[in-house]
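In: Below: sequence and its predicted model.
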Amino acid sequence: MSASRPEADTDNSRAGAASAAAGRRLRAPRTTRAGPASIALGGALLGAVLLVVAEFTPLAHIYSSARGSPVVETIMTGSHHAYALIPIAVLAPALALSVRVTGNRLALAAIGALGLVVLGIALLGDLPDAHASGLIGHAGAAYVSAAAQPGIGLYLETLAAVVLLLTGAAGLLLGAERSTAISSPG
């Protein structure tokens, strides 16, 4: 048995639409949870700020083995690897904006990949030099035994790498949001 649905009377349709619109205006605004796009943007901005700050802080302090010796030399993070973290600090928020606008999951994966690159620079390039020891020439005198101790720059760049990795992973696990302009028909 098939029955057709009754069509609404035009007078009733207008009244219903007006009362529905009034009801929408009276409702409290909806609270939204942080989605992958918000997580990506916040994490990428935090990671970028940490990277820029790390570039201009000491990577390591070199001390002489002589008792009570002051710092012989300070190695800055940026000059140690030719400011390689600055382009990454610019690229991460740009990728996060791409996630926010288009819901692109590849951009989330790229943010995580940038975190891996930064982690590689920190652990493979900077960490060995921040814990090095050996002989250095000291003020034109004979060589003296010296050892390096890590500075705040090493910790900041490692923290930035972890933030970028977690941002990419969290965004991918939560699923990328689709932009309403792309997903809505017509």
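Out: Nice, I can see it.

In: gap between the residue nearest to residue 154 when sequence neighbours are not counted and residue 85?
Out: Once flanking residues are discounted, residue 154 sits nearest to residue 130: 5.1 Å by Cβ to Cβ, 6 or more residues apart in numbering. Where you see a C-beta, it was placed from the backbone N, CA and C, and this is true even at glycine. Distance from residue 130 to residue 85, counting by Cβ to Cβ, to the nearest Å: 15 Å.

In: who's more crowded, those two?
Out: residue 85 (27 against 23; other Cβ atoms under 10 Å).

In: was I right about the more buried one contacting residue 54?
Out: Yes: the pair formed by residue 85 and residue 54 meets the contact definition of Cβ atoms under 8 Å, at 6.5 Å.

In: Need the overlap of contacts for the two.
Out: Common neighbours of residue 85 and residue 54, counting by Cβ atoms under 8 Å, 6 or more residues apart in numbering, are 77, 157, 160.

In: quick one: which of those residues sit in helices?
Out: 77, 157, 160 (DSSP state H).

In: which among those residues gets closest to residue 107?
Out: Proximity of these to residue 107, judged by Cβ to Cβ, is greatest for residue 160, which lies at 18.0 Å.

In: list the contacts for the closest one?
Out: 47-48, 50-51, 54, 85, 115, 118.

In: can you tell me how far the closest residue to it other than its chain neighbours sits from residue 82?
Out: With sequence-adjacent residues excluded and distances taken as Cβ to Cβ, 6+ apart, residue 160 is closest to residue 50, at 3.7 Å. Remark: distance between residue 50 and residue 82 (Cβ to Cβ) = 19 Å.

In: The two: who's more crowded?
Out: Remark: of residue 50 and residue 82, residue 50 carries more neighbours, 23 against 8, as counted by other Cβ under 10 Å.

In: Tell me the secondary structure at that one.
Out: helix (DSSP: H, G, I helix; E, B strand; the rest coil).

In: That one contacts residue 153, doesn't it?
Out: No: using Cβ under 8 Å, residue 50 makes no contact with residue 153, being 10.4 Å away.

In: What residues does the residue nearest the centre of the chain make contact with?
Out: In the chain, the centroid-proximal residue (Cα atoms, centre = their mean) is residue 44; its distance is 2.5 Å. The neighbourhood of residue 44, defined by Cβ under 8 Å, 6+ apart, consists of 92-93, 95-96, 111, 164, 167.
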